[in-house]
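> The following comprises the amino acid sequence and a computationally predicted model.
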Amino acid sequence: KQRIVLTSDKEGNHQIYMIFLLSGHMERITDGENPRTSPVFAPDGEHVYFKEKEGKEWFLHKMNIHTRENDRISDIPLEGRFRISTLGKSISFVVKEQKRFPIIRITLDGYLLSKTNVPFEYPGNPHYSDQLGLFLFDAHSNGEDESGDGKWELYTIDAKGRELSRITENNLDDWGGYWSPDSRMITFSGSGLNNTGYEIFLMEVESRKIEQLSSRK
(Lines give C-alpha, C1' and ligand atoms only; values in the text may rest on other atoms or scores of the structure.)
Protein backbone atom coordinates (compact mmCIF):
# COMPACT_ATOMS: atom_id res chain seq x y z
CA LYS A 1 0.00 0.00 0.00
CA GLN A 2 1.24 3.47 -0.81
CA ARG A 3 1.20 5.42 2.43
CA ILE A 4 3.29 8.03 4.17
CA VAL A 5 3.31 9.08 7.81
CA LEU A 6 3.96 12.59 9.10
CA THR A 7 3.60 14.87 12.11
CA SER A 8 1.05 17.69 12.20
CA ASP A 9 -0.35 20.03 14.83
CA LYS A 10 -3.42 20.82 12.71
CA GLU A 11 -5.68 19.79 15.62
CA GLY A 12 -3.73 21.67 18.29
CA ASN A 13 -1.19 19.07 19.37
CA HIS A 14 1.59 17.32 17.49
CA GLN A 15 0.27 13.90 16.49
CA ILE A 16 0.96 11.30 13.79
CA TYR A 17 -1.07 11.20 10.59
CA MET A 18 -1.11 8.77 7.68
CA ILE A 19 -1.81 9.77 4.10
CA PHE A 20 -3.01 7.24 1.52
CA LEU A 21 -1.33 8.45 -1.66
CA LEU A 22 -3.77 7.01 -4.18
CA SER A 23 -6.86 8.57 -2.58
CA GLY A 24 -5.23 11.52 -0.81
CA HIS A 25 -7.12 10.58 2.36
CA MET A 26 -5.41 11.81 5.55
CA GLU A 27 -6.07 9.99 8.80
CA ARG A 28 -4.93 10.73 12.34
CA ILE A 29 -3.49 7.56 13.87
CA THR A 30 -2.41 8.73 17.35
CA ASP A 31 -4.33 10.45 20.14
CA GLY A 32 -3.56 11.88 23.54
CA GLU A 33 -2.06 14.89 25.22
CA ASN A 34 1.60 13.94 24.75
CA PRO A 35 3.27 15.33 21.60
CA ARG A 36 4.30 12.66 19.08
CA THR A 37 6.76 13.35 16.26
CA SER A 38 9.26 11.89 13.75
CA PRO A 39 7.24 8.90 12.48
CA VAL A 40 9.03 6.22 10.45
CA PHE A 41 7.59 3.02 9.00
CA ALA A 42 9.06 -0.19 10.38
CA PRO A 43 10.60 -2.56 7.79
CA ASP A 44 7.46 -4.73 7.89
CA GLY A 45 5.27 -1.81 6.77
CA GLU A 46 2.74 -2.71 9.44
CA HIS A 47 4.16 -0.69 12.32
CA VAL A 48 5.31 2.89 12.82
CA TYR A 49 8.08 4.11 15.11
CA PHE A 50 7.86 7.62 16.57
CA LYS A 51 9.01 9.79 19.46
CA GLU A 52 6.61 10.64 22.29
CA LYS A 53 7.28 13.33 24.86
CA GLU A 54 6.64 12.25 28.43
CA GLY A 55 7.30 15.07 30.87
CA LYS A 56 10.56 16.67 29.73
CA GLU A 57 11.94 13.64 27.89
CA TRP A 58 11.32 11.85 24.61
CA PHE A 59 10.96 8.08 24.30
CA LEU A 60 10.74 5.69 21.37
CA HIS A 61 7.36 4.11 20.68
CA LYS A 62 6.09 1.50 18.25
CA MET A 63 2.51 1.32 17.00
CA ASN A 64 0.57 -1.24 14.98
CA ILE A 65 -1.16 0.81 12.27
CA HIS A 66 -4.11 -1.61 12.17
CA THR A 67 -4.91 -2.09 15.86
CA ARG A 68 -3.41 1.29 16.88
CA GLU A 69 -1.75 -0.47 19.83
CA ASN A 70 1.04 1.82 21.01
CA ASP A 71 3.92 0.64 23.20
CA ARG A 72 7.06 2.33 24.49
CA ILE A 73 9.81 -0.05 23.44
CA SER A 74 12.73 1.50 25.32
CA ASP A 75 13.15 3.22 28.68
CA ILE A 76 16.17 5.15 27.38
CA PRO A 77 15.29 8.80 26.64
CA LEU A 78 16.31 10.07 23.20
CA GLU A 79 18.25 13.18 22.32
CA GLY A 80 17.33 14.25 18.79
CA ARG A 81 16.36 11.93 15.94
CA PHE A 82 16.46 8.16 15.61
CA ARG A 83 17.31 6.13 12.50
CA ILE A 84 16.58 2.56 11.37
CA SER A 85 19.71 0.78 10.08
CA THR A 86 20.37 0.11 6.40
CA LEU A 87 19.01 -3.46 6.42
CA GLY A 88 16.28 -2.71 8.96
CA LYS A 89 17.91 -4.67 11.77
CA SER A 90 18.31 -2.02 14.49
CA ILE A 91 17.56 1.53 15.59
CA SER A 92 20.15 4.13 16.62
CA PHE A 93 19.88 7.39 18.54
CA VAL A 94 21.88 9.66 20.83
CA VAL A 95 21.31 9.87 24.59
CA LYS A 96 22.56 12.29 27.22
CA GLU A 97 24.63 11.01 30.14
CA GLN A 98 25.81 14.00 32.17
CA LYS A 99 28.27 15.70 29.79
CA ARG A 100 28.54 12.78 27.38
CA PHE A 101 26.32 11.89 24.43
CA PRO A 102 26.84 8.23 23.49
CA ILE A 103 25.16 6.57 20.51
CA ILE A 104 22.73 3.83 21.49
CA ARG A 105 21.78 0.97 19.18
CA ILE A 106 18.79 -1.24 20.01
CA THR A 107 16.87 -4.03 18.28
CA LEU A 108 13.55 -3.28 16.59
CA ASP A 109 11.90 -4.45 19.81
CA GLY A 110 13.99 -2.25 22.10
CA TYR A 111 16.76 -4.53 23.39
CA LEU A 112 20.15 -2.85 23.85
CA LEU A 113 22.81 -3.92 21.34
CA SER A 114 25.58 -1.37 21.92
CA LYS A 115 26.53 1.94 23.49
CA THR A 116 29.22 3.86 21.66
CA ASN A 117 31.06 6.82 23.15
CA VAL A 118 32.24 9.42 20.65
CA PRO A 119 34.78 12.22 21.22
CA PHE A 120 32.25 15.01 20.70
CA GLU A 121 29.87 16.71 23.10
CA TYR A 122 26.97 17.04 20.67
CA PRO A 123 26.83 14.27 18.06
CA GLY A 124 23.60 13.86 16.13
CA ASN A 125 21.60 11.86 13.60
CA PRO A 126 23.38 8.48 13.89
CA HIS A 127 22.66 6.00 11.10
CA TYR A 128 24.07 2.47 11.29
CA SER A 129 25.36 0.54 8.28
CA ASP A 130 24.66 -3.17 8.77
CA GLN A 131 27.04 -3.97 5.91
CA LEU A 132 30.00 -1.92 7.20
CA GLY A 133 29.38 -2.04 10.94
CA LEU A 134 29.75 1.74 11.13
CA PHE A 135 27.69 4.63 12.43
CA LEU A 136 27.41 7.74 10.29
CA PHE A 137 26.79 10.84 12.40
CA ASP A 138 27.36 14.59 12.47
CA ALA A 139 29.21 16.70 15.03
CA HIS A 140 30.87 20.07 15.44
CA SER A 141 34.59 19.64 14.76
CA ASN A 142 35.41 21.71 17.86
CA GLY A 143 32.91 19.84 20.02
CA GLU A 144 30.60 22.84 20.40
CA ASP A 145 26.84 23.21 20.12
CA GLU A 146 26.96 25.94 17.51
CA SER A 147 25.56 26.09 13.99
CA GLY A 148 26.16 28.19 10.94
CA ASP A 149 29.91 28.50 11.45
CA GLY A 150 30.85 25.90 8.85
CA LYS A 151 32.34 23.42 11.33
CA TRP A 152 29.65 20.73 11.40
CA GLU A 153 30.99 17.68 9.61
CA LEU A 154 30.10 14.04 8.99
CA TYR A 155 31.97 11.23 10.74
CA THR A 156 31.88 7.45 10.95
CA ILE A 157 32.74 5.26 13.91
CA ASP A 158 32.45 1.55 14.70
CA ALA A 159 30.22 0.24 17.48
CA LYS A 160 33.20 -0.14 19.84
CA GLY A 161 34.19 3.49 19.36
CA ARG A 162 37.67 2.72 18.04
CA GLU A 163 37.58 3.58 14.34
CA LEU A 164 36.72 7.27 14.02
CA SER A 165 36.91 8.77 10.53
CA ARG A 166 36.01 12.23 9.27
CA ILE A 167 33.95 12.02 6.07
CA THR A 168 33.53 15.69 5.10
CA GLU A 169 36.04 18.48 5.56
CA ASN A 170 35.24 21.95 4.26
CA ASN A 171 34.23 25.41 5.45
CA LEU A 172 30.49 24.63 5.19
CA ASP A 173 28.13 22.86 7.59
CA ASP A 174 27.25 19.24 6.74
CA TRP A 175 24.76 17.19 8.74
CA GLY A 176 21.85 14.72 8.69
CA GLY A 177 23.60 11.97 6.73
CA TYR A 178 22.06 8.67 5.61
CA TRP A 179 23.76 5.59 4.23
CA SER A 180 22.23 4.29 1.02
CA PRO A 181 20.63 0.81 1.41
CA ASP A 182 23.83 -0.80 0.07
CA SER A 183 26.11 1.56 2.06
CA ARG A 184 27.95 2.65 -1.08
CA MET A 185 26.58 6.18 -1.05
CA ILE A 186 25.78 8.84 1.56
CA THR A 187 23.13 11.52 1.28
CA PHE A 188 23.28 14.55 3.56
CA SER A 189 22.26 18.16 4.01
CA GLY A 190 24.88 20.84 3.66
CA SER A 191 25.39 24.51 3.08
CA GLY A 192 24.87 24.98 -0.63
CA LEU A 193 27.48 26.24 -3.04
CA ASN A 194 27.42 30.01 -3.56
CA ASN A 195 25.59 30.51 -0.23
CA THR A 196 22.30 29.07 -1.47
CA GLY A 197 21.32 27.75 1.95
CA TYR A 198 20.96 24.10 2.95
CA GLU A 199 20.91 21.71 0.00
CA ILE A 200 20.96 17.95 -0.58
CA PHE A 201 24.26 16.28 -1.43
CA LEU A 202 25.27 12.80 -2.56
CA MET A 203 28.67 11.31 -1.76
CA GLU A 204 30.26 8.17 -3.17
CA VAL A 205 31.78 6.51 -0.10
CA GLU A 206 34.85 4.95 -1.74
CA SER A 207 35.98 7.96 -3.78
CA ARG A 208 34.49 10.66 -1.51
CA LYS A 209 33.20 12.36 -4.65
CA ILE A 210 30.38 14.78 -3.77
CA GLU A 211 27.54 15.97 -5.98
CA GLN A 212 25.03 18.70 -5.07
CA LEU A 213 21.60 17.37 -6.05
CA SER A 214 19.40 20.36 -5.26
CA SER A 215 19.88 23.96 -6.23
CA ARG A 216 17.98 26.80 -4.64
CA LYS A 217 18.67 30.21 -6.15
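Okay, I see it.

> how about the closest residue to Gln2 other than its chain neighbours, what does it touch?
Excluding its sequence neighbours, the residue lying closest to Gln2 (CB to CB, 6 or more residues apart in numbering) is Leu21, at 4.1 Å. All C-beta spots, glycine's among them, are computed from the backbone N, C-alpha and C. For Leu21, the contact set (CB atoms under 8 Å, 6 or more residues apart in numbering) comprises Gln2, Arg3, Ile4.

> swap in Trp58?
Neighbours of Trp58 in contact, by CB under 8 Å, 6+ apart: Lys51, Glu52, Pro77, Leu78, Glu79.

> beta partners for the first one?
I take that to be Lys51. With DSSP bridges as the criterion, Lys51 is bridged to Thr37, Leu60.

> what's around it, how many residues?
25 (other CB atoms under 10 Å).

> From Arg68, how far out is it?
According to CB to CB, to the nearest Å, Lys51 stands 17 Å off from Arg68.

> what do you get for the second one?
Between Glu52 and Arg68 the computed distance is 14 Å (CB to CB).

> Looking at those two, which one has more neighbours?
Each of Glu52 and Arg68 has its neighbours counted (other CB under 10 Å); Glu52 has more, 22 against 10.

> give me every residue that touches the more buried one.
Counting by CB under 8 Å, 6+ apart, Glu52 touches Asn34, Pro35, Arg36, Trp58, Phe59, His61, Arg72.

> which parts of the helix or strand encompassing Ile4 are buried?
Using DSSP states H and E, Ile4 maps to strand 3-8. Within strand 3-8, the residues that count as buried by 16 or more other CB atoms under 10 Å are Val5, Thr7.

> Which strands or helices does that strand pack on?
strand 15-20, strand 36-41, strand 47-54 (3 or more CB pairs under 8 Å, 6 or more residues apart in numbering; DSSP states H and E).
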